[in-house]
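Student: I'd like to go over a predicted model; first the sequence, then the structure.
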There are 2 protein chains.
Amino acid sequence: MRKIVKRSDCPISYSLDLLGDKWTILILRDIALGDKHFYKDFFEAGEGIATNVLADRLRMLEEVGIIQSKPYEKKKNMKYYSMTKKGTELIPMMIELWVWGAKHDPESSVSEKTLDERLLNREEIIAHYKAKSIGEE
Amino acid sequence: MRKIVKRSDCPISYSLDLLGDKWTILILRDIALGDKHFYKDFFEAGEGIATNVLADRLRMLEEVGIIQSKPYEKKKNMKYYSMTKKGTELIPMMIELWVWGAKHDPESSVSEKTLDERLLNREEIIAHYKAKSIGEE
DNA sequence: AATTGTGCTTGCTAAAAACAAGTAACATTT
DNA sequence: AAATGTTACTTGTTTTTAGCAAGCACAATT
């Protein structure tokens, strides 16, 4: 569906070749920062992703090794999606997107105090979510 | 051209409402990390952005206060684009995209050594580019 | 055996990006 | 001062991608 073409040898350009769209990073947010692991969780996540786009992005993310899936033992028609190590290395970037959005969204529900605390605890927060992702794989 | 709609109150979603596409962050990279300040610089940057997309993104980024422009004194048909303070606060996120891309692009021209050095000097590097952006505005 | 839940695919429409060309303002060269 | 070049766009068309609605296969539940 979405075609991935390498545009230059700039590392930022390379990251955006894979992640540069409205939806991909939201799926990674759900897996890495939320406690979401199933197709239906991503579909119901609040932003309203279309099913064809969701299926396409999950396929792509698995193909490039950012996420992995395995059959879910308890319900065999469900797939359990989790981050790979390569995927967890995107957590710092996602934290930065979170901080910027929380600071600059005029309708943000995040308080200045919460924001300040998170800025001070950056390394701790990253370590927390990385550890959680490893535990979940 | 590109319509911006707020999809949820998640800060990451908010950031992606503005920045989530293949091109926007590349323009910010050119201004904040490169020494590029003119339309033609962004157009010639190597990835091959189309002129209508470039004009649209520059307009949007200025509207939401991430960049600013002023007429260039030396050549009055040129506009000088630079980061606002709000824009410079995206530098940490861009550095993380750079680090991830440099590490995971199999064709990356960045050596392990350079990568390790940059990881150790993260704060210094961010401070450097923030200071440069302020100097250029 | 019938209904529901989950993870998709397929077909159609709408929006955005890619491509090609043109224009207006100023700058430079002749 | 006229012609040519440069810069920053706009406009029109084609191609690609996203959005929406429906459907389908498989498993689990009733």
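Tutor: Perfect, I can see it now.
Student: ok, the most centrally placed residue in chain A to chain B distance?
Tutor: In chain A, the C-alpha nearest the mean C-alpha coordinate belongs to residue A:28, at 1.4 Å (CA atoms, centre = their mean). Using CB to the nearest CB, to the nearest Å, one gets 9 Å for the distance from residue A:28 to chain B. Quick note: C-beta positions are derived from backbone N, CA and C, even for glycine.
Student: Confirm that that residue sits in a strand.
Tutor: No - per DSSP: H, G, I helix; E, B strand; the rest coil, residue A:28 lies outside any strand segment and is helix.
Student: show me the contacts for it.
Tutor: Each residue near residue A:28 by CB atoms under 8 Å, 6 or more residues apart in numbering or on different chains is listed here: A:19, A:61, A:66, A:67, A:83, A:87, A:90, A:94.
Student: could those go into CSV alongside secondary structure, neighbour count and distance to residue A:1?
Tutor: Converted to CSV, these look like this (DSSP: H, G, I helix; E, B strand; the rest coil; neighbours: other CB atoms under 10 Å in any protein chain shown; distance: CB to CB, whole Å):
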residue, secondary structure, neighbour count, distance to residue A:1
A:19, helix, 24, 16
A:61, helix, 23, 13
A:66, coil, 25, 17
A:67, strand, 23, 17
A:83, strand, 25, 22
A:87, helix, 20, 21
A:90, coil, 22, 22
A:94, helix, 21, 24
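Student: do you know how far the residue nearest to the centre of chain A is from residue A:11?
Tutor: 18 Å (CB to CB, to the nearest Å).
Student: Chain neighbours aside, what residue packs nearest to residue A:129?
Tutor: Ranked by CB to CB, 6 or more residues apart in numbering or on different chains and with sequence neighbours excluded, the top spatial neighbour of residue A:129 is residue A:91, at 5.1 Å.
Student: Wait, the one you found touches residue A:25, no?
Tutor: No - the criterion here is CB atoms under 8 Å, and residue A:91 misses it with residue A:25 at 11.2 Å.
Student: Can you give me the neighbour number for residue A:50?
Tutor: 10 (other CB atoms under 10 Å in any protein chain shown).
Student: Backbone dihedrals for it, both of them.
Tutor: phi -80, psi 150 (degrees, to the nearest 10).
Student: how close does it sit to DNA strand C?
Tutor: Relative to DNA strand C, residue A:50 is positioned 8 Å away (CB to the nearest atom of the strand, to the nearest Å).
Student: Using CSV, write down the CA coordinates of stretch A:103-111.
Tutor: Presented in CSV, the C-alpha positions along stretch A:103-111 are these (Å, rounded to 0.1, in the frame of the first residue of the first chain):
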residue,chain,number,x,y,z
LYS,A,103,4.1,22.1,26.2
HIS,A,104,2.7,23.6,23.0
ASP,A,105,-0.9,22.3,22.6
PRO,A,106,-3.0,25.2,23.9
GLU,A,107,-5.7,22.8,25.0
SER,A,108,-3.1,20.5,26.7
SER,A,109,-4.4,18.8,29.8
VAL,A,110,-0.9,18.3,31.1
SER,A,111,0.0,20.7,33.9
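Student: Can you name the residues of chain A that neighbour DNA strand C?
Tutor: Within chain A, the residues that sit near DNA strand C (CB under 7 Å from any atom of the strand) are A:38-40, A:43, A:51-52, A:55-56, A:58, A:69, A:72, A:75, A:77-79.
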